[in-house]
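> quick one: sequence and predicted model below, then my questions.
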Amino acid sequence: MNWAVFLPYLAVTAGVTYLIRMLPLTVFRREIKSRFIRSFLTYIPYAVLGAMTFPDVIFCTGDVRTAVCGTAVAVALAWRGRSLLTVALAACCAVALAQAVLLLI
């Protein structure tokens, strides 16, 4: 490993991580009273997680058709209030079943 290249990358990564965590503490010293900003900050983690996860869900199986089957099963079960484990297992089974059916066709 070339330490002369690695250490600057490590320092930049550490600096960016530190700034991301400390900047909100220094900028927002008082309680945020705006309902719009509070609701915006409440939903940001869910939006970012969805934006990062959803493309992987669609392209993870190698075939969009099987991924859509798994996603549809997951959304339907989640909509009905099933547990996370049930939703994940059912979605995996739906994808496996869809892949098996596509292999037979």
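Looks like it arrived, so ask away.

> pLDDT below threshold where in this protein?
For the chain, applying pLDDT under 70 flags no range at all.

> how about the helices in it?
3-27, 35-59, 64-79, 84-104 (DSSP state H).

> from these, which stretch is densest packed?
Each of those was scored by mean neighbour count; the highest is helix 64-79, a mean of 16, by mean count of other Cβ atoms under 10 Å. Where you see a C-beta, it was placed from the backbone N, CA and C, and this is true even at glycine.

> list the contacts of it.
For helix 64-79, the external contacting residues (Cβ atoms under 8 Å, 6 or more residues apart in numbering) are 57-61, 86-88, 90-92, 94-95, 97-99, 102.

> that one to helix 84-104, inter-axis angle?
150 degrees (axes from the mean of the first three to the mean of the last three Cα atoms, to 10 degrees).

> could you give the angle of helix 64-79 to helix 35-59?
Using the same axes, to 10 degrees: helix 64-79 against helix 35-59 is 140 degrees.

> CA atoms only: put helix 64-79 into PDB for me.
What follows is helix 64-79, C-alpha atoms only, in PDB (Å, rounded to 0.1, in the frame of the first residue of the first chain):
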ATOM      1  CA  VAL A  64     -35.800  -6.100 -14.000                       C
ATOM      2  CA  ARG A  65     -38.900  -8.400 -14.300                       C
ATOM      3  CA  THR A  66     -38.000 -10.500 -11.300                       C
ATOM      4  CA  ALA A  67     -37.000  -7.400  -9.300                       C
ATOM      5  CA  VAL A  68     -40.400  -5.800 -10.100                       C
ATOM      6  CA  CYS A  69     -42.100  -9.000  -8.800                       C
ATOM      7  CA  GLY A  70     -40.100  -8.900  -5.600                       C
ATOM      8  CA  THR A  71     -40.800  -5.200  -5.200                       C
ATOM      9  CA  ALA A  72     -44.500  -5.600  -5.800                       C
ATOM     10  CA  VAL A  73     -44.700  -8.300  -3.100                       C
ATOM     11  CA  ALA A  74     -42.700  -6.200  -0.700                       C
ATOM     12  CA  VAL A  75     -44.800  -3.100  -1.200                       C
ATOM     13  CA  ALA A  76     -48.100  -5.100  -0.900                       C
ATOM     14  CA  LEU A  77     -47.000  -6.800   2.400                       C
ATOM     15  CA  ALA A  78     -45.600  -3.600   3.800                       C
ATOM     16  CA  TRP A  79     -48.800  -1.700   2.900                       C
END
